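1. Only the shape, not the letters, is given here:
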Ligand SMILES: CC(=O)N[C@@H](CCC[C@H](N)C(=O)O)C(=O)O
């Protein structure tokens, strides 16, 4: 078996949430310690790592970022190497991202190029966001790369495909947490209570009118409520409800407008249901915007290669805090086809592992091409 497939399987078994990636960090660190000393400098940052691979005669530094956190999902794949952490799963492919990054890093350590490379193993991409604080860290300021790249697995594309576009690739995002507090009581006396389950249901429906009626149909936005918590038992009217969700917009202006509308609607619920409401917009991610020249050059490189097919995709409503890095450092992100029947954030996501070796070879050859360019 390809060693980086084994590594992926080992990492797959130990998914950890954002800023709790202690075992993952130790695993990465231990692996890196097996590589020849002298060619690398490793610096720990929170639960992540910066690894500088020293070039032979550097004129620039190329950054490569891999995110390392898992999701609060109970895995349902039945794979022999499925998650050993209850209620946690690498359901967004970060196990792939890490093993591919280690494969590329290993190749370059053993076959040095002229330029320096900076590998960034970043915690907390799923939230609350590790990219922005990592970018502001002293290490990054000292080792700031001249360009930076990252990939994300794409279950919907076949292995051997890279999907990418110039400019906007991923949306602006904001988390959304809404707490409602009313008056609970006996199920048989609704007139003496303010039922927060009824209020929460009304709120979910009304929030969808923001997308349908307040956003230009030629723009795009999403409000998803992914979790509602409320109630204690079947015959008690719920005093509290909590809605957890996310807002996505293609433009930064739309995000401001959508948030204003969310606030107005929540105010209306407060008045209409005589309850207290609190909104917390949680963490926000800047859009992922691919720098045009570097992206076009990469696309041309794919087209000339026999290893990968290029698919020029549309932008997606997914979010990625890599957007913060791209805001300050020119570069791009791309989708790597891994053909899985189940999508990202699904408990049965099962990406095709053949994509790992292919990606390592392709990215390595691209870095060699970029060397000294
Ligand atoms: C690629 C991907 O799936 N990223 C996540 C990022 C989540 C950001 C934040 N927790 C939010 O929900 O807004 C995504 O859900 O798109």
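-> Arrived safely, thanks for sending. Note that this is a predicted model, so its numbers are computed, not measured.
2. so who does whichever residue of the stretch 1-150 of the chain sits closest to the ligand touch?
-> Going by C-beta to the nearest ligand atom, the ligand is nearest to residue 127 of the stretch 1-150 of the chain, at 3.5 Å. Every C-beta, even on glycine, is put in place using the N, C-alpha and C of the backbone. Neighbouring residues of residue 127 by C-beta atoms under 8 Å, 6 or more residues apart in numbering: 18, 175, 282, 283.
3. redo that, cut-off 6 Å
-> 18, 283 (C-beta atoms under 6 Å, 6 or more residues apart in numbering).
4. So which bits of this structure are right by the ligand?
-> For the chain, the residues in contact with the ligand (C-beta under 6 Å from any ligand atom) are 92, 126, 127, 152, 173, 175, 246, 285, 318, 319, 320, 344.
5. Including pLDDT and secondary structure, could those residues go into JSON lines?
-> Output for those, formatted as JSON lines (pLDDT from 0 to 100; DSSP: H, G, I helix; E, B strand; the rest coil):
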{"residue": "92", "pLDDT": "98", "secondary structure": "coil"}
{"residue": "126", "pLDDT": "97", "secondary structure": "coil"}
{"residue": "127", "pLDDT": "94", "secondary structure": "coil"}
{"residue": "152", "pLDDT": "98", "secondary structure": "strand"}
{"residue": "173", "pLDDT": "98", "secondary structure": "strand"}
{"residue": "175", "pLDDT": "97", "secondary structure": "strand"}
{"residue": "246", "pLDDT": "98", "secondary structure": "strand"}
{"residue": "285", "pLDDT": "97", "secondary structure": "strand"}
{"residue": "318", "pLDDT": "97", "secondary structure": "coil"}
{"residue": "319", "pLDDT": "97", "secondary structure": "coil"}
{"residue": "320", "pLDDT": "97", "secondary structure": "coil"}
{"residue": "344", "pLDDT": "98", "secondary structure": "coil"}
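6. domain ranges for this protein?
-> 3-169+288-372, 172-284 (automatic domain parsing).
7. which of these sits most buried?
-> The highest mean neighbour count among those, using mean count of other C-beta atoms under 10 Å, belongs to domain 3-169+288-372: a mean of 19.
8. From one end of that domain to the other, what's the distance?
-> The first and last residues of domain 3-169+288-372 sit 29 Å apart, counting by C-alpha to C-alpha, to the nearest Å.
9. Could you do stretch 54-69 as well?
-> 26 Å.
10. neighbouring contacts of it?
-> 18, 21, 24, 39, 94, 97-98, 101, 112-126, 145-150, 322.
11. Which members of the residues of the chain next to the ligand are the farthest-apart pair?
-> 152 and 175 (19.1 Å; C-beta to C-beta).
12. just checking, residue 224 is part of a strand?
-> Yes - according to DSSP: H, G, I helix; E, B strand; the rest coil, residue 224 belongs to a strand.
13. for it, what are its contacts?
-> Contacts of residue 224 by C-beta under 6 Å, 6+ apart are 245, 246.
14. What's the separation between it and residue 245?
-> Relative to residue 245, residue 224 is positioned 5 Å away (C-beta to C-beta, to the nearest Å).
15. cool, and residue 356?
-> Going from residue 356 to residue 245 by C-beta to C-beta gives 33 Å.
16. Same check on residue 258?
-> 12 Å.
17. and what of residue 118?
-> Distance, residue 118 to residue 245, by C-beta to C-beta: 35 Å.
18. and what of residue 75?
-> With distances taken as C-beta to C-beta, residue 75 is found 23 Å from residue 245.
19. who touches stretch 102-119?
-> With contact meaning C-beta under 6 Å, 6+ apart, stretch 102-119 is reached by 4, 35, 39, 51-58, 60-64, 101, 143, 145, 360, 363-364, 371-372.
20. I meant to write stretch 268-284 there.
-> 127-129, 174-175, 177-182, 194, 199, 203, 266.
21. Stretch 134-152 now?
-> Here stretch 134-152 has contacts from 43, 45, 50, 52, 60-65, 118, 122, 322, 324-325, 329-336, using C-beta under 6 Å, 6+ apart.
22. Kindly recompute the last result at 7 Å.
-> Here stretch 134-152 makes contact (C-beta atoms under 7 Å, 6 or more residues apart in numbering) with 43, 45, 48, 50, 52, 60-65, 93, 97, 118, 120, 122, 294, 320, 322, 324-325, 328-336, 359.
23. Who are the packing partners of the helix or strand residue 30 falls within?
-> In this structure, residue 30 sits in helix 22-32 according to DSSP states H and E. Judged by 3 or more C-beta pairs under 7 Å, 6 or more residues apart in numbering; DSSP states H and E, the packing partners of helix 22-32 are helix 3-12, strand 40-45, strand 48-53.
24. Which of these sits closest to residue 164?
-> Nearest of the helices and strands packed on helix 22-32 (C-beta to C-beta): helix 3-12, 22.4 Å.
25. ok, so what distance separates residue 56 from residue 256?
-> From residue 56 across to residue 256, the span is 48 Å (C-beta to C-beta).
26. Would you tell me which helix is longest in this structure?
-> Determined from DSSP state H, the single longest helix within the chain is helix 252-272.
27. Quick check: next helix or strand after it?
-> strand 276-280.
28. Mind listing the strands that next one pairs with, and their directions?
-> Strand 276-280 pairs in its sheet with strand 172-181 (antiparallel), by DSSP bridges.
29. Which parts of the stretch 51-200 of the chain are helices?
-> Using DSSP state H, counting those that start in this stretch, the helices of the stretch 51-200 of the chain run over residues 94-110, 131-136, 138-143, 196-214.
30. Switch the ones you listed over to a markdown table; also include mean pLDDT.
-> Listed next are those as a markdown table, based on pLDDT from 0 to 100:
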| stretch | mean pLDDT |
| --- | --- |
| helix 94-110 | 98 |
| helix 131-136 | 98 |
| helix 138-143 | 96 |
| helix 196-214 | 97 |
